[in-house]
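1. Task: produce atomic coordinates for the following.
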Amino acid sequence: MPAIVDTEKCTGCEGCVGECPSEAISMADAKAVIDAGACVDCGVCVDACPVEAITME
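-> Reported below is the predicted structural model:
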């Protein structure tokens, strides 16, 4: 299952964008957006998020 972003928690720091090995994360309206089709379910973004806004479903 792909990672999910809680937009209420996301601060738009972009820390997860550069960490994603599959380049599945982009920014929209200053929030992280994950392309579920490109996500490889590695969980790197979960660890990269300083505010715990990303979880694995």
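
2. which residues of the chain fall in strands?
-> Taking DSSP state E as the test, the strands found in the chain are 3-5, 25-28, 31-34, 54-56.

3. Would you format the ones you listed as TSV with mean pLDDT included?
-> Compiled in TSV, these are given as follows (pLDDT from 0 to 100):
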stretch	mean pLDDT
strand 3-5	97
strand 25-28	98
strand 31-34	98
strand 54-56	97
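
4. Now tabulate the ones you listed in TSV and tack on mean neighbour count and distance to Thr11.
-> To be clear about C-beta, it is placed using only N, CA and C from the backbone, and glycine gets the same treatment. Formatted as TSV, the strands of the chain follow (neighbours: other CB atoms under 10 Å; distance: least, CB to CB, whole Å):
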stretch	mean neighbour count	distance to Thr11
strand 3-5	19	11
strand 25-28	15	11
strand 31-34	19	9
strand 54-56	17	12
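
5. so Val46 touches Cys39, yeah?
-> No: if you go by CB atoms under 8 Å, Val46 and Cys39 don't touch, sitting 11.4 Å apart.

6. any common contacting residues for these two?
-> Ala3 (CB atoms under 8 Å, 6 or more residues apart in numbering).

7. Quick check: which of the strands of the chain is nearest to Gly18?
-> strand 25-28 (8.8 Å; CB to CB).

8. counting contacts, what elements does that closest one pack onto?
-> strand 31-34 (3 or more CB pairs under 8 Å, 6 or more residues apart in numbering; DSSP states H and E).

9. tell me what the strand it packs on is packed against?
-> If you count contacts as 3+ CB pairs under 8 Å, 6+ apart, strand 31-34 packs onto strand 3-5, strand 25-28.

10. CA-only coordinates of it in CSV, if you can.
-> Taking C-alpha atoms only, strand 31-34 is exported to CSV below (Å, rounded to 0.1, in the frame of the first residue of the first chain):
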residue,chain,number,x,y,z
LYS,A,31,1.7,20.1,0.8
ALA,A,32,3.4,16.8,-0.1
VAL,A,33,1.5,14.7,-2.6
ILE,A,34,2.3,11.0,-3.2
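
11. Cheers, nothing more for now.
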